[in-house]
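Engineer: output the structure for:
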Amino acid sequence: MPRPTSSPTARRVAGIGGLLELLDAGRLARDPHRPDDADLLTHGLRCAAVLETLAPGDLELQVAGLVHDLGTLLEPRCPDRHPAAGAEAVRPLLGRRVADLVAGHEDAVRYLVTVDVSYRSRLGPGAREHLRRLGGLMDPDERSTFLARPDAEALVTLRRADDTARTPAGRVPSLDHWTLALYAVAATARP
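Structural biologist: Sure, this is the predicted structure:
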């Protein structure tokens, strides 16, 4: 289970076993911005499965899809902080890139609503309010900064997979399917 670290809100996940337990606990939790959606475990599994198809050679991106909402489990009373909380928790175990993808998946929402009017028009009232709290549309400097990130394309892919994972799909692999992937990413992780 997660243990507090030096930061009062930071959590450290105790190895892959602890991460699997925490992800499994997502069966009992929902996204506070979309409470009618699937539980967090099902959503993460769907997102990872979409990414496995979209980016078959990018295991880190797939794993980021699996764990992207982990912060919601760690800090359920601070839903707007879930990207940072999740990133802090997985960085020591899964490395910098997975953590950066987890941390940036909400930035990708702001980018997409700024550059894609059709994307923006699909947002429901709860998502619009959440977007407002995130900072709303990006200004030109924020867009340039986002696009200059080495992971900008992966973040957009993660965000689109996150959106796709909100609708029921066919069978998706269970959490067991991702165990070897988690170990593989952890074995090569650079914090």
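Engineer: for the residue nearest the centre of the chain, give me its contacts.
Structural biologist: By C-alpha atoms, centre = their mean, the chain has its centre lying nearest to His68, at 1.8 Å. By C-beta atoms under 8 Å, 6 or more residues apart in numbering, His68 lies in contact with 44, 47, 83, 86, 101-102, 105, 158, 162. Placement of C-beta: from N, CA and C, glycine included.
Engineer: residue contacts, Leu66?
Structural biologist: Contacts for Leu66 (C-beta under 8 Å, 6+ apart) come out as 23, 44-45, 47-48, 178, 181-182.
Engineer: which residue is the nearest non-sequential neighbour of it?
Structural biologist: Sequence neighbours aside, Ala48 is the residue nearest to Leu66 in space, at 3.9 Å (criterion: C-beta to C-beta, 6 or more residues apart in numbering).
Engineer: what does Ala25 give?
Structural biologist: Leu73 is the one closest to Ala25 (C-beta to C-beta, 6+ apart), at 6.0 Å.
Engineer: okay but the one you found is in contact with His43, surely?
Structural biologist: No: the criterion here is C-beta atoms under 8 Å, and Leu73 misses it with His43 at 11.6 Å.
Engineer: which residues are common contacts for those two?
Structural biologist: Residues touching both Leu73 and His43 (C-beta under 8 Å, 6+ apart) are Gly26.
Engineer: related to what we said a few turns ago, nearest to Arg132, of the contacts of His68?
Structural biologist: Pro83 (16.4 Å; C-beta to C-beta).
Engineer: so where do the helices sit in this protein?
Structural biologist: For the chain, the helices defined by DSSP state H occupy 15-25, 40-54, 59-67, 70-74, 82-94, 96-115, 117-121, 125-134, 140-148, 152-164, 179-188.
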